[in-house]
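>>> here you go, sequence then predicted model.
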Amino acid sequence: MRVLFHAPPLTGHTLPMVPLARALQAHGHAVAWAAAGDALELLQRRGFEVHVAGPDRAWAMTELARQWPERSSMDTMQVVAELGPRLFADVYAPATLPSLMELLDAWRPDLLVHDVMAHAAPLAAALRGVRSVSHGFGLPRPQLSISGAEARMRPHWHARGLDMPPDCGNHRGGHVDICPPSMRLDEPVPAGPRWVLSPTSGVKRRHGARQGVLASFGTVHHHQATFDRLLAVLMWGPWPVRAALGKPPDPGQTWPSHVHAAAWLDLPAEWAVCRVGACHGGAGTMLGALAQGVPLLLLPVAADQFRNARALQAVGAGISLQGDAQTESQMRHALERLHDEPAFTDAALRMADELAAMRQAEDVARALLR
């Protein structure tokens, strides 16, 4: 069988799909990716066949700013509510659809597996008569986000003589759900076939002594002043620190001996040896930490990070600071609590057990193709 994978050109939407792609390859199926921007190199380094489809992130953000000039004057939570539908349905989808359809014609897959925010994918698959299955990137999206995307995508389906299925066609052939059951909030469970997959499939859990703080500033929002304050706290100690800045360190910066800072770190390996984590709250980073039983300080600044923070606090595996609470004093106090209060680590270890008990990619690959 020939299986094509597709996600927007964002690391947090691409990497969650890699375990399933590898599992399908291991079962002897031909696997390729439709990708753009930074995702091209990311996937090529992992040995996948990759074809260009759609714009890169830089173009998309420029186009988003052109279409949505009022964003700069809006409240943060208003932006969070509208960002997904505007970016993925108004910007990425129409710009991706032509090249994705050309690739379907040229590569002729039997199955298209796509990120739930890749709204051009189910439409392209419907137009070409290809089975499509959506793949989650973290916690399910809220109904407001789903409805906003539906309103924007429905005209694209109607213009091509098709009635749009619910949720922009995301579940026309089923859905791969990577949300741990205990972290599901109030999101609707999609109708139709659903395969639950561990978001940390294949991760080997490490047991033993841990020390220090791992800080990850992410791949998109690492410029935020929030992370400058976090770094100031960590540079004063007392904990050993390893920090993934998301950008090259300032060559003029002098780092204290207890801090190791780099643009990028191998986060799965780092989570296995640190005691406490601090990050923006992106789904992949958060779930990667929990797979190793690491309690977290979350500092959400955009997108789904606020919902992820709610889910983390609901299971007791960390602390979230938002808005005006993201001060140096409150960050230090939160990190002290995460080190000193065993309840946070106990909750994170329970989440590690839950993630390990979810189905692995090899099982889901077999079930998907039955």
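Received the coordinates, thanks.

>>> can you tell me the closest non-neighbouring residue to Leu287?
Pro199 (4.6 Å; C-beta to C-beta, 6 or more residues apart in numbering). Placement of C-beta: from N, CA and C, glycine included.

>>> measure how buried the one you found is and give me the count.
A total of 25 residues lie near Pro199 under the criterion other C-beta atoms under 10 Å.

>>> next one: the one 10 residues further on
Counted by other C-beta under 10 Å, the residues lying close to Ala209 total 6.

>>> so how far is Ala272 from it?
Separation of Ala209 from Ala272 (C-beta to C-beta, to the nearest Å) stands at 12 Å.

>>> element containing His156, please.
helix 143-158 (DSSP states H and E).

>>> in that helix, what's buried?
By 16 or more other C-beta atoms under 10 Å, the buried positions in helix 143-158 come out as Ser145, Ile146, Gly148, Ala149, Glu150, Arg152, Met153, His156, Trp157.

>>> got it, and stretch 286-299?
Buried residues in stretch 286-299 (16+ other C-beta under 10 Å): 286-299.

>>> dump the residues you listed into CSV; add pLDDT, distance to Val52 and secondary structure as well.
Output for these, formatted as CSV (pLDDT from 0 to 100; distance: C-beta to C-beta, whole Å; DSSP: H, G, I helix; E, B strand; the rest coil):
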residue, pLDDT, distance to Val52, secondary structure
Met286, 94, 30, helix
Leu287, 94, 29, helix
Gly288, 93, 28, helix
Ala289, 95, 33, helix
Leu290, 96, 34, helix
Ala291, 94, 32, helix
Gln292, 95, 35, coil
Gly293, 95, 39, coil
Val294, 96, 36, coil
Pro295, 97, 40, coil
Leu296, 97, 36, strand
Leu297, 97, 38, strand
Leu298, 95, 34, strand
Leu299, 93, 34, coil
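
>>> which residue lies farthest from the center of the chain?
Gly161 (32.8 Å; C-alpha atoms, centre = their mean).

>>> which of the three states applies to that residue?
Secondary structure, DSSP: H, G, I helix; E, B strand; the rest coil: Gly161 is coil.

>>> just the strands in the stretch 151-300 of the chain please.
175-177, 194-196, 213-216, 241-244, 259-262, 276-279, 296-298 (DSSP state E, counting those that start in this stretch).

>>> still on that earlier bit, for the helix holding His156, packing partners?
With contacts defined as 3 or more C-beta pairs under 8 Å, 6 or more residues apart in numbering; DSSP states H and E, helix 143-158 has these neighbours: helix 76-84, helix 93-107, helix 120-128.

>>> next, the angle from that helix to helix 93-107.
Put simply, helix 143-158 runs at 60 degrees to helix 93-107, going by axes from the mean of the first three to the mean of the last three C-alpha atoms, to 10 degrees.

>>> Pro140 is in what secondary structure piece?
Going by DSSP H and E, Pro140 is not in any helix or strand.

>>> ok, now how distant is Ala317 from Arg152?
35 Å.

>>> what of Ala365?
32 Å.

>>> dump the strands of the stretch 151-300 of the chain to JSON lines, plus distance to Arg45.
Below are the strands of the stretch 151-300 of the chain laid out as JSON lines (distance: least, C-beta to C-beta, whole Å):
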{"stretch": "strand 175-177", "distance to Arg45": "23"}
{"stretch": "strand 194-196", "distance to Arg45": "27"}
{"stretch": "strand 213-216", "distance to Arg45": "19"}
{"stretch": "strand 241-244", "distance to Arg45": "17"}
{"stretch": "strand 259-262", "distance to Arg45": "17"}
{"stretch": "strand 276-279", "distance to Arg45": "23"}
{"stretch": "strand 296-298", "distance to Arg45": "27"}
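
>>> where does this structure have low pLDDT?
For the chain, applying pLDDT under 70 flags the ranges 188, 219-224.

>>> re the thing from before, closest one to Pro190 among the helices and strands packed on helix 143-158?
Nearest to Pro190 among those is helix 120-128 (12.6 Å), distances taken as C-beta to C-beta.

>>> circling back: angle of the helix holding His156 against helix 76-84?
30 degrees.

>>> residues contacting helix 143-158, please?
When contacts are defined by C-beta atoms under 8 Å, 6 or more residues apart in numbering, helix 143-158 is touched by residues 81-82, 84-86, 88-90, 93-94, 97, 119, 123, 126, 163-164, 166-169, 187-188.

>>> can I get the buried part of those as one ChimeraX selection?
Selection of buried members from the contacts of helix 143-158 for ChimeraX, criterion 16+ other C-beta under 10 Å:
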select :82,84,85,86,88,89,90,93,94,97,119,123,126,164,167,168,169
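
>>> ok, for Lys204, nearest residue in space, not its chain neighbours?
Counting by C-beta to C-beta, 6+ apart, the residue nearest Lys204 is Ala272, at 8.0 Å.

>>> does that neighbour touch Gln292 like I think?
Yes - with contact defined as C-beta atoms under 8 Å, Ala272 reaches Gln292; the gap is 5.1 Å.

>>> what touches both of the two?
By C-beta under 8 Å, 6+ apart, the residues touching both Ala272 and Gln292 are Arg205, Arg206.

>>> JSON lines for the buried residues of stretch 286-299, including distance to Arg359?
What follows is those, written out as JSON lines (distance: C-beta to C-beta, whole Å):
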{"residue": "Met286", "distance to Arg359": "20"}
{"residue": "Leu287", "distance to Arg359": "15"}
{"residue": "Gly288", "distance to Arg359": "18"}
{"residue": "Ala289", "distance to Arg359": "21"}
{"residue": "Leu290", "distance to Arg359": "17"}
{"residue": "Ala291", "distance to Arg359": "14"}
{"residue": "Gln292", "distance to Arg359": "19"}
{"residue": "Gly293", "distance to Arg359": "20"}
{"residue": "Val294", "distance to Arg359": "23"}
{"residue": "Pro295", "distance to Arg359": "25"}
{"residue": "Leu296", "distance to Arg359": "24"}
{"residue": "Leu297", "distance to Arg359": "30"}
{"residue": "Leu298", "distance to Arg359": "26"}
{"residue": "Leu299", "distance to Arg359": "31"}
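
>>> this completes my enquiry, with thanks.
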